[in-house]
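Sharing a model that was predicted from the sequence below.
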Amino acid sequence: MKFEVLTIFPEIIECYIKHGVLGKALNKGIVEVKVYNLRDFTSDKHKKVDDYPYGGGAGMVMQIEPFYNAIMHLKADEKPRKLVLLSPQGRKFTQKLAQKFMEESKAMVLICGRYEGIDERVKAFVDEEVSIGDYVLSGGELAALVIIDSVVRLIPGALGDELSAVEDSFMKGFLDYPHYTRPEDFKGMKVPEVLLSGDHKKIALWRKRQALKNTLKNRPDLLKNLSPEDMRILKELC
Ligand SMILES: CN1CCN(Cc2ccc(Cn3ccc4ccc(-c5n[nH]c(N)c5C#N)cc43)cc2)CC1
């Protein structure tokens, strides 16, 4: 899968993608990330990308020309790609949308604005407008990284044999169970006995109970379409 990112801060993207799962996926050739500086698509000597908003108001708005020139440059190869604009006004990004992007797109262009936003006319050239959540960021770059990271985790082989995105909590419809590792006793804080028992059936049941308990407490909205067995466990918790 190929990601092309349009931004005035390429170093934000370039720094993050070198590490962790993403770095390994890049080294394996499972994913490719190309970052383009919008200032390289300006036509003035100052590489200006913003201007005052028509109609007045605080702050600056990013001009359409650099976005248009960059998008036309990418489209010159006539390869299919999904163009996604990151924006506070976008539709909510979820694990389900990450799965859809992974399944449907061989290449994605992630368009990152800054300032108070971008000229509305850019939206004529994009396929989707997406927001990663109901909070205000300073630009689209963090949102682009969230999308890249969550989509790459879903690509078969990206996590390596020992891990699987299918196990990711949001894939199962509820939150994760608690995790512990050595030491067994840290300043009197002990690992739950059941995890030391070697009884895999008991451990699985304990983990399911804990996951449902965590979900009931922090994200009851996720508790839909439970299996009869999970519903029985949940009722015991109430
Ligand atoms: C008078 N108006 C002036 C604008 N504000 C709204 C506003 C508009 C842009 C910005 C900064 N910004 C610029 C590009 C850009 C892309 C994505 C995001 C973003 N934020 N949160 C998410 N989940 C995001 C995502 N994905 C933010 C961005 C901040 C606040 C309302 C009042």
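Ah, there it is.

How much space separates Q89 from F41?
According to Cβ to Cβ, to the nearest Å, Q89 stands 23 Å off from F41. Heads up, the C-betas are built off the backbone N, CA and C, glycines and all.

Same drill for the two, tell me which one is more crowded.
F41 (19 against 10; other Cβ atoms under 10 Å).

Relative to the ligand, how far out is that one?
17 Å (Cβ to the nearest ligand atom, to the nearest Å).

got the contact list for stretch 65-73?
Contact partners of stretch 65-73, identified using Cβ atoms under 8 Å, 6 or more residues apart in numbering, comprise 6, 36, 38-43, 49, 83, 109, 111, 118-119, 122, 125.

rerun that using 10 Å as the cut-off
4, 6-8, 36-44, 47-50, 81, 83, 85, 109, 111, 113, 118-119, 121-126 (Cβ atoms under 10 Å, 6 or more residues apart in numbering).

Could you identify the buried members of those residues?
4, 6-8, 36-38, 41-42, 49-50, 81, 83, 85, 109, 111, 113, 118-119, 122-123, 125-126 (16 or more other Cβ atoms under 10 Å).

any chance you could map the strands in this protein?
Taking DSSP state E, the strands of the chain run over residues 2-7, 32-37, 50-51, 61-62, 82-92, 107-111, 128-131, 185-186, 189-190.

Ok, which of those strands comes nearest L234?
Taking Cβ to Cβ as the criterion, L234 comes closest to strand 82-92 out of these, the separation being 25.5 Å.

hang on, isn't E103 packed against L154?
Yes - applying Cβ atoms under 10 Å as the test, E103 and L154 come out as touching, 8.4 Å apart.

So if I had to pick from these two, which one is more boxed in?
Shown here are E103 and L154; by other Cβ under 10 Å, L154 has more neighbours (21 against 9).
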